[in-house]
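# Turn this into a model:
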Amino acid sequence: MSKIKILYIVTQAEWGGAQRYIYDLAKNLRNDFEVVVAAGQSDEIPALLRKCEKKEIKTRRLKYLCRQINPIKDILAIFEIVNLIKKEKPDIVHLNSSKAGVLGSIAAKLTNLRTYKLKAEGRNLKTVYTVHGWVFLEPLGIIKKLIYFTAEWFGGRFRNATIVLSKKEKNISLKFRLSKLKNTFLIEHGMKPPEFIEKEAVRQNFNINKDDFAVVTVANFYESKGLTYLIEAATKIYSVIRRDLRFAPKFYIIGEGAEKKRLESLIEKYKLSNKVFLLGEVPKAQKYLKAFDLFVLPSLKEGFPYALIEAMHAGLPIITTTVGGIPEMIENGKSGILVPPANSKILAEKIDELAKNRKFAENLGMRAFLAAQEKFSLERMIEETKKVYVSFHLGGGNLYTT
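Prediction:
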């Protein structure tokens, strides 16, 4: 019997949560399934495709699939995906990220209806969509929110299964009829624990003094990551909260992206150049986490972020926002501190509180480490996703419900 063939599609190839998710699935399922990974064009180094190619996983580029709304490119991208499906002849198209999720769903439906002749071949193309955070929950204007919501609703009419990463995302999906209960699967992220470099060596590498309280963030520089609020929190700590600045925290932000110039301008505006450091993209950034004393993720929108799981495995105390699936990952006051999004005042207060109370911070980190060991297994994520695929192959599509 031939293997089930999975075509993974994601809007961008630059490394992030959705890309890591695809890579983990493709790498771990390639012995049981035939897999192909496709991504849209990007000015960035295509990290996802490069990593896949090193593992001898077949990759494809989509010229017209891009993150921004562009009616002409979007229409071209639909037909580009149709042609890719016709060429690769997958059994399942697994879509990731909002743009790929909508355009790919339409393309798969068109393929089924018109061009692929699946019934004549005894085949039936299935479409799976993983929600990495609902885009209409991002900080957007009302018109854009409406456009994105309508697009998600429309795309949902053509999908055979929707995978959500948290109970909150599932509830939103069902409440707004973006998917049906029988075809909605809750499968939380899982990961293999990273291999960390010990603290002293890394602090020397990043020029962090022994007595500094070092705060780290790992995130792509998108508006939805809330990094401007982290910088504003830093300036509040230095200008309002702290009188003794000798032991005030220093901030290290790892990542790259479109918001870089804006972040640099804020750092210059608030005179934080010797207190807030943009470290750029750091390969395998997770292995350096133990060099730091606190992990902060000030996001305005998230799904179920890998970065938090990595920080938990590192045993770091965590401050993060109450968005997406994060409240299901972090127990407030026990395995981390939860704060409202877009509130630099409260964020500053909580950072300063942990900088002053190191013992409490260490206890938070230890509980986070234990929670990560117990809850976020890569093997579980792989096996539960595999069940979804196999249920389609057996002709059910709804054999496993969550």
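
# Give me the next element, helix or strand, following the worst-scoring helix or strand of the chain on mean pLDDT.
None of the helices or strands of the chain scores lower by mean pLDDT, DSSP states H and E than helix 199-205, at a mean of 87. Past helix 199-205, further along toward the C-terminus, the next helix or strand under DSSP states H and E is strand 214-218.

# as a whole number, average confidence for stretch 331-338?
Per-residue pLDDT over stretch 331-338 has a mean of 98.

# With stretch 134-151 instead?
If you average the per-residue pLDDT over stretch 134-151, you get 90.

# related to what we said a few turns ago, show me what counts as buried in the least confident helix or strand of the chain.
For helix 199-205, burial by neighbour count (16 or more other Cβ atoms under 10 Å) applies to 199, 202, 203. Yep, even glycine has a C-beta here, placed from its N, CA and C like the rest.

# cool, and stretch 345-360?
By neighbour count on 16+ other Cβ under 10 Å, the buried set for stretch 345-360 is 346, 347, 348, 349, 350, 351, 352, 354, 355.

# Is the fourth one within a helix or a strand, and which one?
Same thing as residue 349. Element membership of residue 349, judged by DSSP H and E, is helix 344-356.

# Which other helices and strands does that helix contact?
Taking 3 or more Cβ pairs under 8 Å, 6 or more residues apart in numbering; DSSP states H and E as the contact definition, the neighbouring helices and strands of helix 344-356 are helix 227-236, strand 294-297, strand 318-321, strand 337-339, helix 358-375.

# in the helix or strand just after the longest one, what's buried?
Just to be clear, that refers to helix 358-375. Note on helix 358-375: by DSSP H and E, the next helix or strand toward the C-terminus is helix 378-393. Neighbour-count burial for helix 378-393, with 16+ other Cβ under 10 Å as criterion, is recorded at 378, 381, 382, 384, 385, 386, 388, 389, 391, 392.

# isn't there a helix covering residue 52?
Yes. With DSSP: H, G, I helix; E, B strand; the rest coil as the criterion, residue 52 is assigned to a helix.

# isn't residue 149 right next to residue 138, touching?
No. If you go by Cβ atoms under 8 Å, residue 149 and residue 138 don't touch, sitting 11.2 Å apart.

# what's near enough to touch the nearest residue to residue 41 once chain neighbours are set aside?
Nearest non-adjacent residue to residue 41, counting by Cβ to Cβ, 6 or more residues apart in numbering: residue 63, 5.5 Å away. Residues in contact with residue 63, defined by Cβ atoms under 8 Å, 6 or more residues apart in numbering, are 41, 76, 80.

# how about the strand or helix carrying the second one: buried residues?
Spelled out, that is residue 76. Secondary structure assignment for residue 76, by DSSP H and E: helix 71-88. Taking 16+ other Cβ under 10 Å as the basis for neighbour counts, the residues of helix 71-88 that come out buried are 73, 74, 76, 77, 78, 80, 81, 82, 84, 85, 88.

# pLDDT added to these, as a markdown table?
Written out in a markdown table, the entries for the buried residues of helix 71-88 read as follows (pLDDT from 0 to 100):
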| residue | pLDDT |
| --- | --- |
| 73 | 95 |
| 74 | 96 |
| 76 | 97 |
| 77 | 97 |
| 78 | 97 |
| 80 | 97 |
| 81 | 97 |
| 82 | 96 |
| 84 | 97 |
| 85 | 95 |
| 88 | 96 |
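
# before we move on, back to that, how about the buried residues of stretch 345-360, which pair is most distant?
In these, the most distant members under the criterion Cβ to Cβ are 346 and 355, with 14.9 Å between them.

# re earlier: by contact count, what packs against the next helix or strand after the helix holding residue 76?
Toward the C-terminus, helix 71-88 is succeeded by strand 92-96 as the next helix or strand (DSSP H and E). Using 3+ Cβ pairs under 8 Å, 6+ apart, the elements in contact with strand 92-96 are strand 5-10, helix 17-29, helix 98-110, strand 126-130.
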